[in-house]
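Student: coords please:
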Amino acid sequence: MDKTAVFSKTDEGREALTSRPPGLTPRLRSLLIMTDGKRTVAELDKMLGADGAAGPLLEQLVAQGWVQGQAGTGPTTPPLAAGTEAGGGQAAVDTLPPFVEETWPFPDARRRVVRFINDQLGPMGETLAMRVESCKNATDLQAALPRIRDGLRNFKSSATVQQFDQEIAAHLPTA
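Tutor: Here you go, the predicted structure:
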């Protein structure tokens, strides 16, 4: 398996984390939690403590439809479009529209909140990110803000909460 490949959870994968189906063994569940769309297979190998351990487990997660893979360049860069190389002629493809100085539409706002939580908290923020993903409208998202801030403060710092408020919360749609 390509050590630079990056995998992300599918909707079914997020659901599997809450429903815990019989085929989701503890080791598969741990890897599913760690799979965040930013970590490469090589990084997941290190987190599992064995070189080559992530590949077969990721294949099982893909077969179950719980994760999806794409070519990646590492944890801090977005996935590359199919058929492109790092440093090649085509720009990297990001899944979110560029930042703007206005209120974001609800679906974009929700994705940005989840991305911020995942970037800052990693697997520790999985429950919080899933709660945000379950928000159906701007009212739900606004209602989740106190819990998001508490989680960021508890796992990181007040500075992270300030960063969230400046970069994300200021652009969220109001209820």
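Student: How is this protein partitioned into domains?
Tutor: 1-93, 106-171 (automatic domain parsing).
Student: Just put these in CSV and tack on mean pLDDT and mean neighbour count.
Tutor: In short, each C-beta sits where N, CA and C put it, glycine included. Formatted as CSV, the domains of the chain follow (pLDDT from 0 to 100; neighbours: other Cβ atoms under 10 Å):
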stretch, mean pLDDT, mean neighbour count
domain 1-93, 74, 16
domain 106-171, 90, 17
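Student: Quick check, central residue of this protein?
Tutor: D36 (4.0 Å; Cα atoms, centre = their mean).
Student: For this structure, which segments are assigned as helices?
Tutor: Secondary structure of the chain, counting by DSSP state H: helices at 11-19, 26-34, 41-48, 54-64, 106-121, 126-133, 138-155, 158-167.
Student: do you know which of those helices lies nearest D2?
Tutor: D2 lies closest, by Cβ to Cβ, to one member of these: helix 41-48, at 6.6 Å.
Student: what comes into contact with that closest one?
Tutor: Here helix 41-48 makes contact (Cβ atoms under 8 Å, 6 or more residues apart in numbering) with 1-7, 30-31, 34-35, 39, 51-55, 57-58, 75.
Student: Repeat the analysis, applying 10 Å as the threshold.
Tutor: With contact meaning Cβ atoms under 10 Å, 6 or more residues apart in numbering, helix 41-48 is reached by 1-7, 27, 30-31, 34-36, 39-40, 51-55, 57-58, 69, 72, 74-75, 122-123.
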